[in-house]
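**Student:** structure for this input, please:
(one chain, ligands or ions: 1)
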Amino acid sequence: MKPILRARNVSKVYRGDGVETWALRGVDLEIYPGEFTAIAGPSGSGKSTLLHLLGGLDLPTEGEVWLEETRLDRLNATERARVRLHKIGFVFQSYNLIPVLTALENAAFVLELRGAPRQERERRALEALEVLGVRALSHRRPNQLSGGQQQRVAVARALAARPQVVLADEPTANLDSRTGLALIEHMKRLNQEHGITFVFSTHDPRLLEHVRRTVHLEDGRVARVEEASV
Ligand SMILES: Nc1ncnc2c1ncn2[C@@H]1O[C@H](COP(=O)(O)OP(=O)(O)OP(=O)(O)O)[C@@H](O)[C@H]1O
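**Tutor:** Numbering: from 1, shown residues only. Sure thing, here's the model as predicted:
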């Protein structure tokens, strides 16, 4: 089987105010279709940077990033945006819900950007909200939802578009442990039932008990990869 995502000897340097920060150094990583992979590591180890690069949101300083047969770091910004829109779902803290839209409209948003017809958008958004257990809240705006509910709507937005890959940056960070575990369970079910590939970052050891593969980052390098039999 060929990897769906691949980082080859990827380094990322942030430069600003005369300071250089090596966020990633020579990272090699392959993600295969249908995998459920966690990226773990202490604060500042490079987890968010790696997810940004894998999703084509940012470019590596050195190395290659591939999504299937497409080399993302060779595409221009418009081409990368098109690939993201059609193939990747994001659940990132910085990609918050749009405050003036209802949960349903938020969940349908990626499909709207893709130009899907209204009926199809609504059907798929409602389906995704149902799967995440927040369909009854579909007419509420984000400020009428708890943090956990907002996070579920954000996951529903990523999933309604049926991406091949979902990249999630600390998806449980703002949730209490019960809600966090429930969200991971939902993600796992979608992974098992719909074959969606998940890569998510976390520094919560409790969540790592639920994943098959954990990539540990330290100081921007892959320190070790752990395979569990869950
Ligand atoms: N835009 C930026 N400009 C300069 N330095 C940055 C930038 N983004 C990240 N860094 C630095 O790169 C390193 C890796 O950061 P990154 O956010 O990828 O780590 P992380 O593992 O996701 O951390 P956390 O768990 O705290 O979110 C850190 O030293 C950070 O300070």
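
**Student:** CA atoms for contacts and neighbours, from now on please.
**Tutor:** Fine.

**Student:** how far out from the middle of the chain is stretch 8-25?
**Tutor:** Its chain's C-alpha centre and that of stretch 8-25 lie 22 Å apart, by CA atoms, centre = their mean, to the nearest Å.

**Student:** can you give me the end-to-end distance of that stretch?
**Tutor:** 11 Å (CA to CA, to the nearest Å).

**Student:** which parts of it are buried?
**Tutor:** Neighbour counts over stretch 8-25 (16 or more other CA atoms under 10 Å) mark N9, V10, S11, K12, V13, W22, A23, L24, R25 as buried.

**Student:** and the first one, what is it in contact with?
**Tutor:** Read it as N9. R25, G26, V27, D28, E62, G63, E64 (CA atoms under 8 Å, 6 or more residues apart in numbering).

**Student:** so the last one, which state does it fall into?
**Tutor:** In other words, E64. Secondary structure assignment for E64 (DSSP: H, G, I helix; E, B strand; the rest coil): strand.

**Student:** how about the first one?
**Tutor:** Classification of R25 into helix, strand or coil gives strand, according to three-state DSSP.

**Student:** burial count for E62?
**Tutor:** 17 (other CA atoms under 10 Å).

**Student:** which one is it nearest to, not counting chain neighbours?
**Tutor:** Once flanking residues are discounted, E62 sits nearest to S11: 5.0 Å by CA to CA, 6 or more residues apart in numbering.

**Student:** which pLDDT value goes with that neighbour?
**Tutor:** pLDDT for S11: 98.

**Student:** list phi and psi for it.
**Tutor:** Backbone geometry at S11, expressed as degrees, to the nearest 10, gives phi -120, psi 150.

**Student:** pretty sure it sits against A23.
**Tutor:** Yes. Using CA atoms under 8 Å, S11 makes contact with A23 at a distance of 7.4 Å.

**Student:** ok, the nearest residue to W66 once chain neighbours are set aside - contacts?
**Tutor:** Take W66 and drop its neighbours on the chain: the residue closest to it by CA to CA, 6+ apart is R6, 5.0 Å away. Residues in contact with R6, defined by CA under 8 Å, 6+ apart, are D28, L29, E30, I31, L54, E64, V65, W66, L67, E68.

**Student:** ok, the residue nearest the centre of the chain to V91 distance?
**Tutor:** For the chain, L167 is the residue whose C-alpha lies nearest the centre (CA atoms, centre = their mean; 1.6 Å). Per CA to CA, L167 is found 6 Å from V91.

**Student:** downstream neighbour of the lowest-mean-pLDDT helix or strand in the chain in the secondary structure list?
**Tutor:** Every helix and strand in the chain was compared by mean pLDDT, DSSP states H and E; the lowest is helix 205-208, with a mean of 79. Proceeding N to C from helix 205-208, the next assigned helix or strand is strand 213-218, under DSSP states H and E.
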